[in-house]
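> How does the following fold in three dimensions:
(one chain, ligands or ions: 1)
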Amino acid sequence: MAEAKPNILVVEDEPNLHEALKLNLEIEGYEVTSAYDGTEALQKIGSAYFDLIIMDIMLPDLDGISITENLRVHNNEVPILMLSAKNAPADKVLGLKKGADDYLTKPFNLEELLLRVAKLIEKNKKIQIRESVGDQYRFGNNTIDFKALTAVTWNGLNVALSKKEAMLLKLLVENRGEVVTREKILQVVWGYNVFPTTRTIDNFILNFRKYFEEDSRNPRYIHSVRGVGYKYTD
Ligand code: CA
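Take a look at the predicted model:
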């Protein structure tokens, strides 16, 4: 599988700096999406997955710190590199406190920014690689074969799984006992920038319950965590 280009959202209202960032990031091989104010940023964040956000603090409408805080409150863990015009230590502390991963003060050295960008993206990738399960996984009467894309259900039926179904199951199982956010599901299973509707994930989950839960109304294995995501327990 060819690796997709990391996708970076640049939130910056100064046109010249924005253009410089975009150009340099593209030369480094990143895919760049632009937002020139906070509202546009939130809208873009809601409609695609990003590997990193470069976020200016001083924006015409919302400020970068509030946007960051808002994302973290909603369990969006996208890495954020904050930019500030002022050399204000208070801003730096507040930004980091509210969930930014790194911080640069303008004017900054472009080389340094690119290095930090690469580091943040790399770190995020590592966090996402979890304990992996083998090709087959058993729980209760159920067996999933992730490689063959088949499963044996709670009542002994053989069913075929789509590739995406198998990927979602694997993601849930590998994070057993932990909530997997919708954001993460979209990123891992659907990949970059091609998002299905929320209903699509719900339909997958409904199918899983039909397959693997004796009582699909009272699931034992596959749980919904309202407004956040899903969790597998055994
Ligand atoms: Ca600004």
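
> Need the residues that contact the lengthiest helix in the chain.
For the chain, the helix with the greatest residue count under DSSP state H is helix 110-128. Helix 110-128 is contacted from outside by 6, 8, 20-21, 24-25, 28, 30, 51-52, 54, 79, 81, 101-102, 104, 184, 188, using C-beta atoms under 8 Å, 6 or more residues apart in numbering. (Each C-beta comes from the backbone N, C-alpha and C, glycine too.)

> Only the buried subset of those residues, as a ChimeraX command please.
Here is the ChimeraX command that selects only those of the contacts of helix 110-128 that count as buried (16 or more other C-beta atoms under 10 Å):
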select :6,8,21,24,25,30,51,52,54,79,81,101,102,104,184,188
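
> circling back to that earlier point, would you mark the buried spots in the longest helix of the chain?
Neighbour-count burial for helix 110-128, counted by 16+ other C-beta under 10 Å, picks out 113, 114, 116, 117, 120, 121, 124.

> Closest one to the ion out of those, please.
The closest of the buried residues of helix 110-128 to the ion turns out to be residue 113 (C-beta to the ion; 15.3 Å).

> send the alpha carbons of stretch 54-68 over as CSV?
Taking Å, rounded to 0.1, in the frame of the first residue of the first chain, the C-alpha atoms of stretch 54-68 are listed here in CSV:
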residue,chain,number,x,y,z
ILE,A,54,-0.3,24.6,12.4
MET,A,55,-2.4,27.1,14.3
ASP,A,56,-1.8,30.8,14.6
ILE,A,57,-3.1,32.2,17.9
MET,A,58,-4.2,35.6,16.7
LEU,A,59,-7.0,35.0,14.1
PRO,A,60,-9.7,37.5,13.0
ASP,A,61,-12.5,35.6,14.7
LEU,A,62,-11.7,32.9,17.1
ASP,A,63,-8.3,32.5,18.6
GLY,A,64,-6.1,29.5,18.2
ILE,A,65,-6.0,28.6,21.9
SER,A,66,-9.8,28.4,22.1
ILE,A,67,-10.0,26.3,19.0
THR,A,68,-7.4,23.9,20.5
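
> Mind checking if it is in reach of the ion?
Yes - residues of stretch 54-68 contacting the ion under C-beta under 5 Å from the ion: 56, 58.

> who's in contact with that stretch?
8-14, 21, 36-39, 41-42, 80-85, 91, 94-95, 98-100, 113, 117.

> quick one, domains of the protein?
If you go by automatic domain parsing, the domain ranges for the chain are 7-128, 136-232.

> could you dump those domains to TSV with mean pLDDT?
Shown next, in TSV, are the domains of the chain (pLDDT from 0 to 100):
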stretch	mean pLDDT
domain 7-128	91
domain 136-232	90
